[in-house]
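> turn this into a model:
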Amino acid sequence: MAIVEGPVTDRTKANLVRGIRGKPIPAAAVDAVVVQATALLEKAVARYEQDVAIGEVGDGGSGVASTAPPAADRGPTGLLYGRVQSGKTAGMTLASALAFDNGFRIVVVVTANNLALVRQTANRLKALSGPRVFSTIKDGAEYEWVGQELDLRADLARDGLVIVCAKDRTHLPAVIRFLQEIDAASVPALIFDDEADAATPDTTLAARTAGYASAPAFESTIHRNVIENTAPGEQGESLRETLPHHAFVQVTATPYVLFLQRADAPIRPAFVHMLEPGPGYCGGREFFENYDPTRQPAAPPIVTLPPNEGQLLVAARSGVPQGLADSCSFFVLAAAAHSLTRAAFPEGGYKHLSHTSPRIDQHTRVANLITRQLRALRDQLRDPASAATLQAFQGAYAQLRGTLPGAPPLAQLLAAAAGSIAQAEVVRVNSESDEPIYGPAFNFVVGGNILSRGLTIEDLLVTYYVREARTAQMDTVWQHARMYGYRDELMPYSRVFLPAHLATLFRQIHASEEELRGVLLDADADALGAIPILTPAHARPTRPGAVEAGALQIYRGTVQQITPYYLVTEPAIVGQSAVQIAAVLQQNGVVFGAGEARQDRFTEVPLDVLRGLVEILPIRENDDGRWSTSGVLALLRATEERYGATGVVYARALDPGDDPQRRRVHGVLSGPEVAMGRATGRFVLALTYVGNAATPTAWYPTLLVPPDLPTHVFNPF
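Sure, this is the predicted structure:
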């Protein structure tokens, strides 16, 4: 099972250091990525041996797939969980190199249906030394592998093959046919689903599981092409079925929809590797963690706009909105300042990004407004030393000096900008435009959905962000953070212009991501269980159509108490747990006999004790109440930093005459008991017992939640 570095890995590392197919990467950084790629591949190989077959991959693996079906019916599903713009493609590249050195002979990368992203991904993977690399980009009428099928089939076991494919209803079937032609099923495969939460999940799931008459009969097309195809005439026509001996690794920075699937769903990760970024990465922590909406003006790199900036932009009848104008002025000064540190503009110039709407007509409107503002800037910079021009840029200059106190004099910056402002470009990036061609100095990029995933915008200094939906979707918004990346040097020159409520939303999603990563670090690697997603107010984790109808549980402060509907009294199920629970309570000083006042029964205990009690409480199978043992445990684990390492336990006898068999829709606690528990401000596990205090025969649990508990969503099934 051990993973070894072989010739493909060694040569690929050298290519990355030399800058083959990209910017040179320091050797130490490459070595750091190899360590993480090795950890990922070790998990993939271990799961492959468990779920597919032994001896085909890993150190000494045969590189040959037997004709036997996978041991667990399908290959394992894993997750490479990176951060936005953190270099996940480098991780995939080096994991692929290691895979070829350890018996895998095919690597397939499916990615978003975006020509620029497919080209970017394929180009980076061509740093691999050894296997042939093809993509679904067509320079002519046919795919680049056409006519080479016989040679590729003959060379497959020796050289290996990489295919980068857009998630497209035309390209995916073409790749499947190609794989069938070269007998790809005869070798072990590694499939990377890049941006796995986009397009691959079944977007018909909610409608079909709700039983709507209008619901489609089968899963959505891309899901069928990638995961499993049951449509008439298409049975088995999916990547995972075409390559039965495979490991399937999802790659994303926003895995919310994946963790909200049932535990046995084919896109629910069974193992996770969190890819940590290298030195110089700047993400949510640097941009939004310290944002304080009560502070005015906001601390850099945030610049807050009026809450109606988006509406002003749409109307824009009275001229360019002030926020957009200010962002353009700051960008010109910041770009000029940074260019002076390197004595030149970077190749491809600096970038100002306007992310305002998914609508193409709005891109045209914004591009026209920026063009109008550029005309005004050019007019001002015709005489950069004039008092009027100096005065016009005073606000932008003060903003720049907030993070760059040693900035060159304003007159020097204006003179530098004046020499290049004539070459400023307004570049639209959407489905109606070609790949962006940037100018040499100032580039104003306007776009929507195509800018939302994966695409790297080099030398981005300013983001003007006013895009919002009626109900914000966490994974969509977080993927809009194109300002993140390895940009430590650029941070003093960088700003994000956006309304305060959107800055707050980004800060809340950052908090959700940090909590999720903490939960995954603590989770049992062999049984991930329920994974709660911290969800901001007025937002949802993901698109509801891709989640099973009625499957999600929501825990939040307004819920007050979490209970099962039924008390378990059957001795065969309760076993020794009733006595064990009583013993744990006694060991921790929890009073549960007669004679004590209710307010004196609330006892502080270590959180580990509270969790241990939850673990041994018997719950009826398929109980349809709010209680989920894995969900409660995950919630306690996720919120420990917020509420501390202790909880509260409260215990008493079940009320006399309470029918043990009844359905307890409203639980068993009285209003005063709930109020006293909630007043502690922490989680309270309230336990009521059947029988006598010395030898209880059953316990009924209630979890009282803190009143300020933020919303958490999870799938308990």
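> would you mind identifying the next helix or strand past the lengthiest helix in the chain?
In the chain, ranked by residue count with DSSP state H as the criterion, the top helix is helix 27-51. Under the assignment DSSP states H and E, the closest C-terminal helix or strand after helix 27-51 is strand 77-81.
> what packs against the helix or strand just after that following strand?
Beyond strand 77-81 in the direction of the C-terminus, DSSP H and E gives the next helix or strand as helix 88-101. Applying 3 or more C-beta pairs under 8 Å, 6 or more residues apart in numbering; DSSP states H and E, we find helix 88-101 packed against helix 7-18, helix 27-51, strand 77-81, strand 106-111, helix 115-125, strand 189-194, strand 246-252. Where you see a C-beta, it was placed from the backbone N, CA and C, and this is true even at glycine.
> just give me the lowest mean pLDDT stretch among the ones you listed.
When those are compared by mean pLDDT, helix 115-125 comes last with a mean of 88.
> can you give me the offset of that one from its chain's centre?
Relative to the centre of its chain, helix 115-125 is centred 20 Å away, using C-alpha atoms, centre = their mean, to the nearest Å.
> just the angle between that helix and strand 106-111, please?
Angle, helix 115-125 to strand 106-111, by axes from the mean of the first three to the mean of the last three C-alpha atoms, to 10 degrees: 150 degrees.
> partners of the helix or strand just after helix 115-125 in the sheet?
Toward the C-terminus, helix 115-125 is succeeded by strand 132-135 as the next helix or strand (DSSP H and E). Sheet pairing for strand 132-135, assigned by DSSP bridges, gives strand 161-166 (parallel).
> avg pLDDT for the strand it pairs with?
On average, strand 161-166 scores 97.
> export that strand as PDB, just CAs?
Extracted in PDB, the C-alpha atoms of strand 161-166 (Å, rounded to 0.1, in the frame of the first residue of the first chain):
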ATOM      1  CA  LEU A 161      -2.800   8.700 -20.400                       C
ATOM      2  CA  VAL A 162      -4.300  11.900 -19.100                       C
ATOM      3  CA  ILE A 163      -7.600  13.400 -20.400                       C
ATOM      4  CA  VAL A 164      -8.900  16.800 -19.400                       C
ATOM      5  CA  CYS A 165     -12.600  17.000 -20.200                       C
ATOM      6  CA  ALA A 166     -15.200  19.800 -19.800                       C
END
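> for the longest helix of the chain, buried residues please.
Residues of helix 27-51 classed as buried: 29-30, 32-34, 36-38, 40-49, 51 (neighbour count, 16 or more other C-beta atoms under 10 Å).
> and stretch 35-49, how far from the chain's centre?
For stretch 35-49, the distance to the chain centre is 20 Å (C-alpha atoms, centre = their mean).
> hang on, residue 298 packs against residue 292?
Yes. The pair residue 298 / residue 292 is scored as a contact, 7.5 Å apart, by C-beta atoms under 8 Å.
> the two - which one has more neighbours?
It is residue 298, of residue 298 and residue 292, that has more neighbours when counted by other C-beta atoms under 10 Å, with 18 against 12.
> tell me which helix or strand that one sits in.
Counting by DSSP H and E, residue 298 is held by no secondary-structure element, helix or strand.
> contacts only, for it.
Contacts for residue 298 (C-beta atoms under 8 Å, 6 or more residues apart in numbering) come out as 291, 292, 304, 500, 503.
> residue 618 too?
568, 573, 574, 575, 577.
> repeat that for residue 87.
33, 275, 277, 278, 281, 486.
> and what of residue 489?
Shown in contact with residue 489 (C-beta under 8 Å, 6+ apart): residue 280.
> I'm done for today, thanks for sticking with me.
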